[in-house]
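Visitor: got a predicted model here, sequence first, then my questions.
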Amino acid sequence: MIPLNLPSFEIKLSGTQEHPQIYDILRRKYVALTPEEWVRQHFIHYLIDHKGYPSSLMGNEIRLQIGSKRLRADSVLYDNRLHPRMIIEYKAPSVQITQHVFDQICVYNMQLHVDYLIVTNGLVHYCCKIDYTDSSYIFLREIPAYDTIK
């Protein structure tokens with residue numbers, strides 16, 4: 001896997017060379033090591049280890065039902081009352097972050113109504129804060145620390 005624009009962490013690998021796996025600390029199991037999963041695990045560790053996000057309030061592959069569609073949000077951060085606060089969408093490093101990617105995460109937000117949206121391919125990270133009273137959003141210069149958003 002290629003190096004990302006994220007700090008390193010103690011990577012736990014398993015499986016075979018044909019079917020490698022990486023340990024997901026949120027799901028507490030080994031999962032298929034895809035380029036997107038490589039980004040997810042790096043970003044989750046970045047949030048926990050460097051931004052102070054509690055792993056107990058985060059979940060991966062969160063199932064959503066929007067109309068007749070069944071979707072999955074890549075990662076969701078909850079508050080202490082288990083209300084969603086942030087959605088994180090991961091793409092493989094080879095995937096450019098385009099309007100289509102933002103449209104995808106906005107569909108998830110139609111159900112979850114979070115305050116923050118993050119999109120990353122491991123090389124480029126975007127974070128925006130939603131202002132529901134003004135029906136607007138602003139892009140933040142950096143990923144906020146947990147203690148500034150709780």
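Guide: The structure has been received and is ready for your questions.
Visitor: what sits against the closest residue to Asp147 other than its chain neighbours?
Guide: Spatial nearest neighbour of Asp147, chain neighbours left out: Gly52 (5.9 Å); criterion: C-beta to C-beta, 6 or more residues apart in numbering. Glycine gets a C-beta too; all of them are placed from N, C-alpha and C. Taking C-beta atoms under 8 Å, 6 or more residues apart in numbering, we find Gly52 in contact with 145-147.
Visitor: can you tell me how far Gly52 sits from Ile143?
Guide: 11 Å (C-beta to C-beta, to the nearest Å).
Visitor: Gln65 now?
Guide: Taking C-beta to C-beta, one finds Gln65 at 28 Å from Ile143.
Visitor: follow-up on the earlier one: pLDDT score for the residue nearest to Asp147?
Guide: Gly52 is assigned a pLDDT of 97 by the prediction.
Visitor: what of Asp49?
Guide: For Asp49, pLDDT reads 97.
Visitor: please report how far it lies from Gly15.
Guide: Distance of Asp49 to Gly15, given as C-beta to C-beta: 24 Å.
Visitor: again with Lys129
Guide: 38 Å.
Visitor: so which of these two has more stuff around it?
Guide: Lys129 (16 against 13; other C-beta atoms under 10 Å).
Visitor: and the pLDDT at that one?
Guide: 96.
Visitor: residues in contact with the closest residue to Ile2 other than its chain neighbours?
Guide: Leaving aside its chain neighbours, Ile2 sits nearest to Pro93 (5.6 Å; criterion: C-beta to C-beta, 6+ apart). Listed by C-beta under 8 Å, 6+ apart, the contact partners of Pro93 are 2, 4, 35, 38-39, 121-123.
Visitor: the most centrally placed residue in the chain: what secondary structure?
Guide: The centroid of the chain falls nearest to Ile88 when counting by C-alpha atoms, centre = their mean (2.8 Å). Secondary structure for Ile88, judged by DSSP: H, G, I helix; E, B strand; the rest coil, is strand.
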